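Colleague: Have a look at this prediction, sequence included:
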Amino acid sequence: MYLPRNVDAVLDAWFRDPARKPLVLRGARQTGKSTSVRELGKRATAFVEVNLDRVEDLRLARAAGSASGFMDALCLRENLSALPTGTLLFIDEIQQEPQVVPWLRYLHEDHPEIAVVAAGSLLEVRMTDRGFSFPVGRVTFRTLGPLTFPEFLRATGKDLLADRLLTHLRDLSPLPPAVHDQATALLSDYLFVGGMPEAVARWCREPSLVSVRQVHRDLLQALAEDIQKDRGSVAAVEAAFEALPRHYGMRFKYEQFAPGRRSRDMHAAIDRLEAARLVLRALPTGSTDLPASPKERAAPKLVPLDIGIAMTQWGLGPNDLKRTGADRMLEGRVAEAYVGQQIASPADCQPTDLWFWVREQPGSDAEVDYLLPQGRHLVPVEVKAGAAGRLKSLHRFLWTTGRKVGLRLHAGNLSDERHVVRMPDGELNHRLLSIPLYLAAALRERTWVTQ
């Protein structure tokens, strides 16, 4: 069962581009990289896959010794005098053999008629360990994460609802109550299922939370086994991995991340987990425009790979959701973790750094949950359950910058309102756009007016 993804259009556009470069597809294990490339291969003239996790394919690559030798060996293996124009050559788990990496350049230069894709898990980790890098300016990078909520809707046969939600976001018009209720109920499903392809596929076949959570536990076990193969400080990385759920959706300090572990060791361990795409750090900044710069000595925020896996790690179930609502679970951490994951996974598969705004001054501290890139500006995004008047940090950001528009993600319907708020040194007249949580992933798909 193939689940349609945003990356399908990205890969298709790349494949059809006559000026394409070799493409390197990044992402954590089990996010669907290989499956998506194989789906693209169905539309190619021919599809040739080399998986360097397989002993025979790794032996072939090592024996080839050069890009030309590699192509010759592949043609013989496929019983072809040459790979035909329009062939898609897929080199999977490329991190297993560093000598293959520079061949991407020569394969492109010597065989431009062949489209070359490379993928692998733990790419950045292995690159650091083994001292290799991809040819600068010679390859195209894209990143694939778990399915976002709109992708989940389409995978579960709710294409029309997904399109309808986007229409309302573009128009900034409230959804009919019945439509809002449907979307909210499906978001509840997504929070527990998450976006890992195997979990979503299992949910499509058998909508059972027990079954899905077994998939999550199996995935966590596989990720833990990957960590045990790490060439770095395995004990520190394992300790950091086990401590992740305690810090999802909130700011953290390295010296307090895992009991008995030094700050330096935890910093290095989280570096490796982030390089493996198992977690994402949202960075604190005092900047209000791009390029942003991290705020020194300010604590970052932790965003999980997948909200469904995080919910399994937290041990939260449907009854917890009914009691508190998605925007209040774990004092808002669930919603904040979910929103961070969604806006860090744009449809074009070109993620950027994830930022949040902090102002640390005596008697005037402020923290805006996320900042959304919009041209050269950063648009403030708060994830809140409270009324408009409680958005003190958002108001401080707008007052400081002189901007007039802020976004609030909440469990309610879509609204576009004008507010006047009294500030210590004047009145803030601003526009508050309240966006339902189920539209978080679509925020980057729309142009936001900042004034």
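Modeller: Thanks, I have it.

Colleague: Would you point out the helix or strand in this structure whose mean pLDDT is lowest?
Modeller: Lowest on mean pLDDT, DSSP states H and E among the helices and strands of the chain sits helix 123-130, with a mean of 71.

Colleague: next SSE after that helix?
Modeller: As assigned by DSSP states H and E, the chain's next helix or strand after helix 123-130 is strand 140-143.

Colleague: Give me the buried stretch members for that next one, please.
Modeller: Within strand 140-143, the residues scored as buried using 16 or more other C-beta atoms under 10 Å are Arg142, Thr143. All C-beta spots, glycine's among them, are computed from the backbone N, C-alpha and C.

Colleague: Contacts made by it with the rest, please.
Modeller: Identification of contacts with strand 140-143 by C-beta atoms under 8 Å, 6 or more residues apart in numbering yields 7, 10-11, 14, 20-27, 134, 277, 349-351.

Colleague: cool, stretch 441-451 as well?
Modeller: So stretch 441-451 is contacted by 148-150, 165-166, 169-170, 342-343, 345-347, 372-374, 377, 379, 381, 403-405, 407, 433, 435 (C-beta under 8 Å, 6+ apart).

Colleague: how about a cut-off of 7 Å?
Modeller: By C-beta atoms under 7 Å, 6 or more residues apart in numbering, the residues outside stretch 441-451 that reach it are 148-150, 166, 169-170, 342-343, 345-347, 372, 374, 377, 379, 403-405.

Colleague: from those residues, which would you call buried?
Modeller: 148-150, 169, 342-343, 345-347, 372, 374, 377, 379, 403, 405.

Colleague: and Ser208, how many residues sit next to it?
Modeller: Using other C-beta atoms under 10 Å, Ser208 has 11 other residues around it.

Colleague: What pLDDT does the model give it?
Modeller: Predicted confidence (pLDDT) for Ser208: 95.

Colleague: And Ser133, by the same measure?
Modeller: pLDDT, Ser133: 73.

Colleague: count of residues packed around it?
Modeller: Residues within reach of Ser133, counting by other C-beta under 10 Å, total 11.

Colleague: just the one 3 residues further on next, same as before
Modeller: Val136 has 7 neighbours, counted by other C-beta under 10 Å.

Colleague: So it versus Phe397, what's the distance?
Modeller: According to C-beta to C-beta, to the nearest Å, Val136 stands 37 Å off from Phe397.

Colleague: ditto for Ala185
Modeller: With C-beta to C-beta as the criterion, Ala185 and Phe397 are 33 Å apart.

Colleague: In terms of neighbours, single out the busier of those two.
Modeller: More crowded of Ala185 and Phe397, by other C-beta under 10 Å: Phe397, with 23 against 10.

Colleague: So that one is in contact with Arg359, correct?
Modeller: No - applying C-beta atoms under 7 Å as the test, Phe397 and Arg359 come out as separate, 8.0 Å apart.

Colleague: Need the residues touching each of these two.
Modeller: In terms of C-beta under 7 Å, 6+ apart, Phe397 and Arg359 are both contacted by the residues Ala366.

Colleague: Okay, strands next: where are they in this protein?
Modeller: 23-26, 46-51, 87-92, 115-119, 140-143, 279-285, 301-304, 355-359, 366-374, 377-383, 405-410, 415-423, 426-436 (DSSP state E).

Colleague: nearest to Gln214, of the ones you listed?
Modeller: Within these, the stretch nearest Gln214 is strand 301-304; the backing value is 18.7 Å (C-beta to C-beta).

Colleague: Name the residues of the closest one that are buried.
Modeller: By neighbour count with 16+ other C-beta under 10 Å, strand 301-304 contains the buried residues Lys301, Leu302, Val303, Pro304.

Colleague: would TSV of those with pLDDT be doable?
Modeller: Output for the buried residues of strand 301-304, formatted as TSV (pLDDT from 0 to 100):
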residue	pLDDT
Lys301	97
Leu302	97
Val303	97
Pro304	97
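
Colleague: Of these, just say which sits nearest to Ser233.
Modeller: Nearest to Ser233 among the buried residues of strand 301-304 is Leu302, at 19.4 Å by C-beta to C-beta.

Colleague: Apart from its chain neighbours, what residue comes closest to that closest one?
Modeller: His247 (4.5 Å; C-beta to C-beta, 6 or more residues apart in numbering).

Colleague: what's around the one you found, how many residues?
Modeller: Counted with other C-beta under 10 Å, residues neighbouring His247 total 23.

Colleague: Next, it: phi, psi?
Modeller: phi -120, psi 0 (degrees, to the nearest 10).

Colleague: separation between Gln361 and Thr400?
Modeller: 11 Å.

Colleague: ok, the two, which is more surrounded?
Modeller: The residue with more neighbours, out of Gln361 and Thr400 and counting by other C-beta under 10 Å, is Thr400; that gives 14 against 8.

Colleague: count of neighbours near Leu186?
Modeller: 18.

Colleague: Could you verify my assumption that it touches Leu153?
Modeller: Yes - the criterion here is C-beta under 7 Å, and Leu186 meets it with Leu153 at 6.5 Å.

Colleague: now stretch 283-291: mean pLDDT?
Modeller: 95.

Colleague: Run through who's touching it.
Modeller: Here stretch 283-291 has contacts from 292-295, 298-300, 353-359, 373, 376-378, 401, using C-beta under 7 Å, 6+ apart.

Colleague: if we go to 10 Å?
Modeller: For stretch 283-291, the surrounding residues in contact (C-beta atoms under 10 Å, 6 or more residues apart in numbering) are 251, 292-301, 352-360, 367-368, 371, 373-380, 397-398, 400-403.

Colleague: Now list the buried members of those residues.
Modeller: Buried residues within those, counting neighbours by 16+ other C-beta under 10 Å: 292, 295, 300-301, 353-358, 367-368, 371, 373-374, 377-380, 397-398, 403.

Colleague: what helices or strands is the longest helix anywhere in the chain leaning on?
Modeller: Across the chain, the helix with the greatest residue count (assigned by DSSP state H) is helix 209-228. Under the contact criterion of 3 or more C-beta pairs under 10 Å, 6 or more residues apart in numbering; DSSP states H and E, helix 209-228 touches helix 177-193, helix 197-205, helix 234-243, helix 263-275, helix 307-314.

Colleague: Thanks again, I'm all set now.
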